[in-house]
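Participant: sequence-free structure coming up:
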Ligand SMILES: Nc1ncnc2c1ncn2[C@@H]1O[C@H](COP(=O)(O)OP(=O)(O)O)[C@@H](O)[C@H]1O
Ligand SMILES: O=c1ccn([C@@H]2O[C@H](COP(=O)(O)OP(=O)(O)O)[C@@H](O)[C@H]2O)c(=O)[nH]1
(Lines give C-alpha, C1' and ligand atoms only; values in the text may rest on other atoms or scores of the structure.)
(Ligands and ions follow the chains in the order given, each with its own letter.)
Protein backbone atom coordinates (compact mmCIF):
# COMPACT_ATOMS: atom_id res chain seq x y z
CA UNK A 1 0.00 0.00 0.00
CA UNK A 2 2.88 2.38 0.55
CA UNK A 3 5.93 3.49 -1.34
CA UNK A 4 8.96 1.32 -1.32
CA UNK A 5 12.44 2.21 -2.33
CA UNK A 6 13.15 1.36 -5.93
CA UNK A 7 16.36 1.45 -7.87
CA UNK A 8 14.86 3.44 -10.71
CA UNK A 9 14.77 6.61 -8.60
CA UNK A 10 17.78 5.82 -6.49
CA UNK A 11 15.36 5.92 -3.66
CA UNK A 12 12.47 3.71 -4.13
CA UNK A 13 8.99 4.93 -4.57
CA UNK A 14 6.49 2.31 -5.10
CA UNK A 15 3.27 1.07 -3.81
CA UNK A 16 0.41 3.08 -2.59
CA UNK A 17 -2.44 3.24 -0.20
CA UNK A 18 -6.14 3.42 -0.97
CA UNK A 19 -6.48 5.37 -4.16
CA UNK A 20 -9.36 7.80 -3.94
CA UNK A 21 -12.25 6.14 -5.69
CA UNK A 22 -12.68 7.97 -8.99
CA UNK A 23 -16.08 9.32 -9.72
CA UNK A 24 -17.84 6.66 -11.76
CA UNK A 25 -18.18 7.80 -15.30
CA UNK A 26 -21.43 7.24 -17.01
CA UNK A 27 -19.64 5.76 -20.01
CA UNK A 28 -21.35 7.23 -23.02
CA UNK A 29 -24.63 7.70 -21.21
CA UNK A 30 -26.65 10.68 -22.31
CA UNK A 31 -29.02 12.72 -20.24
CA UNK A 32 -32.10 13.62 -22.20
CA UNK A 33 -33.98 16.84 -21.86
CA UNK A 34 -37.38 16.75 -20.18
CA UNK A 35 -39.11 16.67 -23.53
CA UNK A 36 -37.39 13.45 -24.48
CA UNK A 37 -38.30 10.06 -23.12
CA UNK A 38 -35.83 8.92 -20.44
CA UNK A 39 -33.66 5.92 -21.30
CA UNK A 40 -34.24 2.78 -19.21
CA UNK A 41 -30.68 3.29 -17.88
CA UNK A 42 -31.42 6.78 -16.58
CA UNK A 43 -32.30 5.93 -12.96
CA UNK A 44 -29.57 3.31 -12.39
CA UNK A 45 -27.01 5.77 -13.82
CA UNK A 46 -28.35 8.57 -11.64
CA UNK A 47 -27.99 6.28 -8.64
CA UNK A 48 -24.42 5.37 -9.61
CA UNK A 49 -23.55 9.01 -10.14
CA UNK A 50 -24.92 9.91 -6.71
CA UNK A 51 -22.99 7.05 -5.14
CA UNK A 52 -19.76 8.17 -6.81
CA UNK A 53 -20.23 11.74 -5.60
CA UNK A 54 -20.93 10.42 -2.11
CA UNK A 55 -17.82 8.23 -2.05
CA UNK A 56 -15.64 11.05 -3.36
CA UNK A 57 -17.06 13.44 -0.75
CA UNK A 58 -16.42 10.86 1.97
CA UNK A 59 -12.83 10.34 0.82
CA UNK A 60 -12.15 14.05 0.76
CA UNK A 61 -13.50 14.51 4.25
CA UNK A 62 -12.43 11.29 5.86
CA UNK A 63 -10.21 11.90 8.91
CA UNK A 64 -8.04 8.89 8.11
CA UNK A 65 -6.73 10.22 4.82
CA UNK A 66 -4.19 7.96 3.19
CA UNK A 67 -0.67 9.25 2.60
CA UNK A 68 -0.38 11.51 -0.37
CA UNK A 69 1.16 8.82 -2.58
CA UNK A 70 -2.34 7.58 -3.20
CA UNK A 71 -3.20 10.84 -4.87
CA UNK A 72 0.04 12.10 -6.40
CA UNK A 73 2.56 9.31 -6.96
CA UNK A 74 5.28 11.82 -7.84
CA UNK A 75 5.13 13.82 -4.60
CA UNK A 76 6.25 12.99 -1.06
CA UNK A 77 4.66 10.01 0.64
CA UNK A 78 2.77 12.20 3.12
CA UNK A 79 1.04 15.53 2.71
CA UNK A 80 2.23 18.31 5.03
CA UNK A 81 -1.12 18.06 6.81
CA UNK A 82 -0.81 14.27 7.42
CA UNK A 83 2.12 14.27 9.81
CA UNK A 84 4.47 16.63 11.71
CA UNK A 85 8.16 15.86 11.60
CA UNK A 86 10.67 17.69 13.78
CA UNK A 87 14.35 16.95 13.18
CA UNK A 88 16.58 16.95 16.27
CA UNK A 89 20.20 17.74 15.52
CA UNK A 90 23.34 18.53 17.48
CA UNK A 91 26.83 17.17 17.82
CA UNK A 92 27.47 13.68 19.20
CA UNK A 93 26.76 13.79 22.92
CA UNK A 94 24.92 17.12 22.81
CA UNK A 95 21.92 15.49 24.52
CA UNK A 96 19.55 14.77 21.63
CA UNK A 97 18.44 11.39 22.96
CA UNK A 98 18.12 12.67 26.53
CA UNK A 99 15.88 15.56 25.51
CA UNK A 100 13.80 13.46 23.11
CA UNK A 101 13.10 10.99 25.92
CA UNK A 102 11.75 13.86 28.04
CA UNK A 103 9.73 15.31 25.18
CA UNK A 104 7.87 12.06 24.45
CA UNK A 105 6.67 11.96 28.04
CA UNK A 106 4.92 15.32 27.75
CA UNK A 107 4.06 15.62 24.07
CA UNK A 108 2.38 13.17 21.76
CA UNK A 109 5.60 12.53 19.82
CA UNK A 110 7.02 9.28 18.55
CA UNK A 111 10.79 9.37 19.04
CA UNK A 112 12.74 7.84 16.17
CA UNK A 113 16.52 7.82 16.56
CA UNK A 114 18.25 7.23 13.24
CA UNK A 115 21.29 5.88 15.11
CA UNK A 116 19.13 3.43 17.11
CA UNK A 117 17.37 2.23 13.95
CA UNK A 118 20.75 1.66 12.28
CA UNK A 119 22.10 -0.21 15.31
CA UNK A 120 18.96 -2.37 15.43
CA UNK A 121 19.32 -3.18 11.73
CA UNK A 122 22.99 -4.00 12.26
CA UNK A 123 22.11 -6.37 15.09
CA UNK A 124 19.73 -8.43 12.95
CA UNK A 125 21.50 -11.73 12.27
CA UNK A 126 20.55 -11.84 8.60
CA UNK A 127 20.73 -8.14 7.74
CA UNK A 128 22.43 -7.59 4.40
CA UNK A 129 23.68 -4.22 5.67
CA UNK A 130 24.96 -5.32 9.09
CA UNK A 131 28.69 -5.17 8.43
CA UNK A 132 28.40 -2.04 6.29
CA UNK A 133 26.54 -0.20 9.07
CA UNK A 134 29.04 -1.38 11.69
CA UNK A 135 31.92 -0.02 9.59
CA UNK A 136 30.32 3.38 9.02
CA UNK A 137 29.38 3.83 12.68
CA UNK A 138 32.83 2.91 13.99
CA UNK A 139 34.45 5.29 11.51
CA UNK A 140 32.01 8.07 12.40
CA UNK A 141 30.82 8.22 8.79
CA UNK A 142 27.30 8.69 7.47
CA UNK A 143 25.66 5.45 6.34
CA UNK A 144 24.40 5.68 2.72
CA UNK A 145 21.11 7.52 2.76
CA UNK A 146 19.01 4.80 1.09
CA UNK A 147 19.45 2.55 4.13
CA UNK A 148 18.65 5.17 6.76
CA UNK A 149 15.73 6.75 4.92
CA UNK A 150 14.18 3.35 4.30
CA UNK A 151 14.43 2.45 8.00
CA UNK A 152 12.88 5.79 8.98
CA UNK A 153 10.15 5.52 6.38
CA UNK A 154 9.18 2.03 7.56
CA UNK A 155 9.06 3.18 11.18
CA UNK A 156 6.97 6.26 10.36
CA UNK A 157 4.53 4.32 8.19
CA UNK A 158 4.14 1.64 10.85
CA UNK A 159 3.37 4.19 13.57
CA UNK A 160 1.03 6.10 11.28
CA UNK A 161 -0.95 3.13 10.04
CA UNK A 162 -0.98 0.88 13.12
CA UNK A 163 -0.96 3.43 15.94
CA UNK A 164 -2.41 6.47 14.15
CA UNK A 165 0.62 8.51 15.23
CA UNK A 166 1.18 11.77 13.39
CA UNK A 167 3.94 13.55 15.34
CA UNK A 168 7.53 12.46 15.02
CA UNK A 169 10.82 13.56 16.55
CA UNK A 170 13.56 12.34 14.26
CA UNK A 171 16.73 12.32 16.30
CA UNK A 172 20.20 12.50 14.71
CA UNK A 173 18.93 12.89 11.17
CA UNK A 174 19.47 14.33 8.57
CA UNK A 175 23.22 14.45 9.01
CA UNK A 176 24.11 15.09 5.38
CA UNK A 177 22.62 17.33 2.70
CA UNK A 178 21.56 14.47 0.43
CA UNK A 179 19.52 12.97 3.29
CA UNK A 180 17.84 16.29 4.03
CA UNK A 181 16.79 16.82 0.43
CA UNK A 182 15.72 13.22 -0.22
CA UNK A 183 13.71 12.92 2.96
CA UNK A 184 11.74 16.08 2.23
CA UNK A 185 11.25 15.11 -1.43
CA UNK A 186 10.17 11.55 -0.73
CA UNK A 187 8.64 11.36 2.73
CA UNK A 188 7.43 14.74 4.01
CA UNK A 189 8.62 18.29 4.54
CA UNK A 190 9.84 18.81 8.11
CA UNK A 191 8.12 21.39 10.29
CA UNK A 192 11.17 22.40 12.29
CA UNK A 193 14.71 21.49 13.28
CA UNK A 194 15.66 21.59 16.94
CA UNK A 195 19.39 22.16 17.14
CA UNK A 196 21.49 21.72 20.30
CA UNK A 197 24.53 23.97 20.47
CA UNK A 198 27.29 22.48 22.58
CA UNK A 199 31.03 23.08 23.05
CA UNK A 200 33.12 20.17 21.82
CA UNK A 201 34.89 19.62 25.14
CA UNK A 202 31.54 19.22 26.89
CA UNK A 203 30.39 16.65 24.32
CA UNK A 204 33.73 14.82 24.58
CA UNK A 205 33.43 14.57 28.36
CA UNK A 206 29.84 13.31 28.12
CA UNK A 207 30.62 10.74 25.45
CA UNK A 208 33.60 9.34 27.34
CA UNK A 209 31.38 9.03 30.41
CA UNK A 210 28.62 7.41 28.36
CA UNK A 211 31.18 5.07 26.83
CA UNK A 212 31.87 3.49 30.23
CA UNK A 213 28.46 1.80 30.10
CA UNK A 214 26.91 2.29 26.65
CA UNK A 215 28.61 -0.64 24.96
CA UNK A 216 28.64 1.42 21.77
CA UNK A 217 31.42 0.74 19.29
CA UNK A 218 31.84 4.48 18.66
CA UNK A 219 31.99 5.87 22.21
CA UNK A 220 35.79 5.75 22.30
CA UNK A 221 38.29 8.57 21.77
CA UNK A 222 39.33 7.52 18.27
CA UNK A 223 35.76 7.22 16.94
CA UNK A 224 34.60 10.34 18.81
CA UNK A 225 37.23 12.49 17.06
CA UNK A 226 36.06 11.17 13.69
CA UNK A 227 32.40 11.85 14.61
CA UNK A 228 33.22 15.44 15.58
CA UNK A 229 34.92 15.98 12.26
CA UNK A 230 32.00 14.48 10.30
CA UNK A 231 29.62 16.62 12.30
CA UNK A 232 31.45 19.86 11.46
CA UNK A 233 32.12 19.09 7.81
CA UNK A 234 29.01 17.16 6.82
CA UNK A 235 26.19 17.76 9.29
CA UNK A 236 26.53 21.47 10.10
CA UNK A 237 25.71 22.43 6.48
CA UNK A 238 22.31 20.77 7.00
CA UNK A 239 21.61 22.95 10.06
CA UNK A 240 22.72 26.04 8.08
CA UNK A 241 20.51 25.03 5.15
CA UNK A 242 17.37 24.84 7.32
CA UNK A 243 18.43 27.90 9.32
CA UNK A 244 18.54 30.03 6.17
CA UNK A 245 14.91 29.03 5.60
CA UNK A 246 13.99 30.13 9.15
CA UNK A 247 13.20 26.55 10.15
CA UNK A 248 15.65 26.05 13.06
CA UNK A 249 15.35 26.67 16.79
CA UNK A 250 18.67 26.67 18.63
CA UNK A 251 19.04 25.71 22.26
CA UNK A 252 22.21 25.83 24.32
CA UNK A 253 22.67 22.34 25.73
CA UNK A 254 25.53 23.14 28.12
CA UNK A 255 23.24 23.33 31.12
CA UNK A 256 21.54 20.83 33.40
CA UNK A 257 19.08 18.53 31.63
CA UNK A 258 16.01 20.17 33.19
CA UNK A 259 17.08 23.68 32.14
CA UNK A 260 17.75 22.57 28.59
CA UNK A 261 14.34 20.94 28.54
CA UNK A 262 12.58 24.11 29.73
CA UNK A 263 14.27 26.06 26.96
CA UNK A 264 13.12 23.50 24.40
CA UNK A 265 9.54 23.77 25.64
CA UNK A 266 9.66 27.59 25.37
CA UNK A 267 11.24 27.45 21.91
CA UNK A 268 8.59 24.97 20.76
CA UNK A 269 5.80 27.16 22.14
CA UNK A 270 7.17 30.16 20.21
CA UNK A 271 6.99 28.10 17.03
CA UNK A 272 3.49 26.89 17.76
CA UNK A 273 4.49 23.36 18.78
CA UNK A 274 2.23 22.61 21.70
CA UNK A 275 1.64 19.71 24.09
N1 LIG B 1 22.31 18.62 29.87
C2 LIG B 1 23.11 17.60 30.20
N3 LIG B 1 23.99 17.74 31.19
C4 LIG B 1 24.81 16.72 31.53
N5 LIG B 1 24.83 15.52 30.92
C6 LIG B 1 23.97 15.33 29.92
C7 LIG B 1 23.06 16.35 29.50
N8 LIG B 1 22.34 15.89 28.47
C9 LIG B 1 22.76 14.62 28.26
N10 LIG B 1 23.72 14.28 29.12
C11 LIG B 1 24.46 13.01 29.17
O12 LIG B 1 25.39 13.05 28.09
C13 LIG B 1 25.45 11.83 27.42
C14 LIG B 1 25.07 12.04 25.96
O15 LIG B 1 23.69 12.38 25.89
P16 LIG B 1 22.76 11.79 24.76
O17 LIG B 1 21.39 12.26 25.04
O18 LIG B 1 22.99 10.32 24.66
O19 LIG B 1 23.40 12.56 23.50
P20 LIG B 1 23.21 12.37 21.94
O21 LIG B 1 21.93 11.63 21.73
O22 LIG B 1 23.18 13.76 21.40
O23 LIG B 1 24.42 11.61 21.51
C24 LIG B 1 24.53 10.89 28.13
O25 LIG B 1 25.29 10.07 28.99
C26 LIG B 1 23.60 11.80 28.94
O27 LIG B 1 23.19 11.22 30.14
O1 LIG C 1 21.30 9.55 9.79
C2 LIG C 1 22.22 8.95 10.37
C3 LIG C 1 22.30 8.86 11.77
C4 LIG C 1 23.36 8.18 12.33
N5 LIG C 1 24.29 7.60 11.55
C6 LIG C 1 25.42 6.85 12.12
O7 LIG C 1 25.16 6.52 13.47
C8 LIG C 1 26.18 7.04 14.31
C9 LIG C 1 25.64 7.32 15.69
O10 LIG C 1 24.60 8.26 15.61
P11 LIG C 1 23.69 8.59 16.88
O12 LIG C 1 22.73 9.65 16.47
O13 LIG C 1 23.13 7.33 17.42
O14 LIG C 1 24.68 9.11 17.98
P15 LIG C 1 25.46 10.48 18.25
O16 LIG C 1 26.67 10.44 17.37
O17 LIG C 1 24.61 11.64 17.92
O18 LIG C 1 25.82 10.37 19.68
C19 LIG C 1 26.73 8.24 13.53
O20 LIG C 1 28.02 8.61 13.93
C21 LIG C 1 26.71 7.69 12.11
O22 LIG C 1 27.79 6.82 11.86
C23 LIG C 1 24.21 7.69 10.17
O24 LIG C 1 25.06 7.18 9.46
N25 LIG C 1 23.17 8.35 9.62
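Facilitator: In hand now; what should we look at? Predicted model, so just to flag it, every value in this text is computed and none were measured. Ligands and ions are numbered 1, 2, ... in the order given.

Participant: Number of residues surrounding residue 219?
Facilitator: Using other CB atoms under 10 Å, residue 219 has 20 other residues around it. Where C-beta positions appear, they are placed from N, C-alpha and C, glycine not excepted.

Participant: same thing with residue 133?
Facilitator: Residue 133: 22 neighbours (other CB under 10 Å).

Participant: Could you say which helix or strand holds it?
Facilitator: In the assignment (DSSP states H and E), residue 133 maps to helix 130-138.

Participant: buried stuff in that helix?
Facilitator: 133-134, 136-137 (16 or more other CB atoms under 10 Å).

Participant: Check stretch 115-128 too.
Facilitator: In terms of neighbour count (16+ other CB under 10 Å), stretch 115-128 has its buried residues at 115, 117-119, 121-122.

Participant: Check whether the host helix or strand of residue 262 comes into contact with ligand 1.
Facilitator: Following DSSP H and E, one finds residue 262 within helix 257-270. Yes: using CB under 6 Å from any ligand atom, helix 257-270 reaches ligand 1 at 257, 260.

Participant: what sits up against that helix?
Facilitator: Helix 257-270 is contacted by residues 95, 98-99, 102-103, 106, 194, 196, 249, 251-253, 255, 274 when judged by CB atoms under 8 Å, 6 or more residues apart in numbering.

Participant: end-to-end on stretch 76-89?
Facilitator: For stretch 76-89, the first-to-last residue distance is 22 Å (CA to CA, to the nearest Å).

Participant: do stretch 213-226 as well
Facilitator: Start-to-end, stretch 213-226 (CA to CA) is 20 Å.

Participant: Pull out the buried residues from it.
Facilitator: 218-219, 223-224, 226.

Participant: Tell me where the stretch 151-275 of the chain has strands.
Facilitator: 167-171, 192-197, 248-252 (DSSP state E, counting those that start in this stretch).

Participant: Contacts (any at all) between ligand 1 and the second one?
Facilitator: No: for a cut-off given as CB under 6 Å from any ligand atom, strand 192-197 has no contacts with ligand 1; the smallest distance is 6.9 Å.

Participant: Let the chain start at 54 from now.
Facilitator: Shifting the count to begin at 54 puts that one at strand 245-250.

Participant: Check what contacts that strand and list those residues.
Facilitator: Contact partners of strand 245-250, identified using CB under 8 Å, 6+ apart, comprise 139-144, 147-149, 152, 292, 295-296, 300-307, 313, 317, 320-321, 324, 326.

Participant: Tell me the strands beside it, with direction?
Facilitator: If you go by DSSP bridges, strand 245-250 pairs up with strand 137-143 (parallel), strand 301-305 (parallel).

Participant: Buried residues in it, which are they?
Facilitator: 245-249.

Participant: from the chain's centre, how far out does it sit?
Facilitator: Offset of strand 245-250 from its chain centre (CA atoms, centre = their mean, to the nearest Å): 15 Å.

Participant: If you average the pLDDT over it, what comes out?
Facilitator: For strand 245-250, the mean per-residue pLDDT is 98.

Participant: what angle separates that strand from strand 220-224?
Facilitator: 30 degrees (axes from the mean of the first three to the mean of the last three CA atoms, to 10 degrees).
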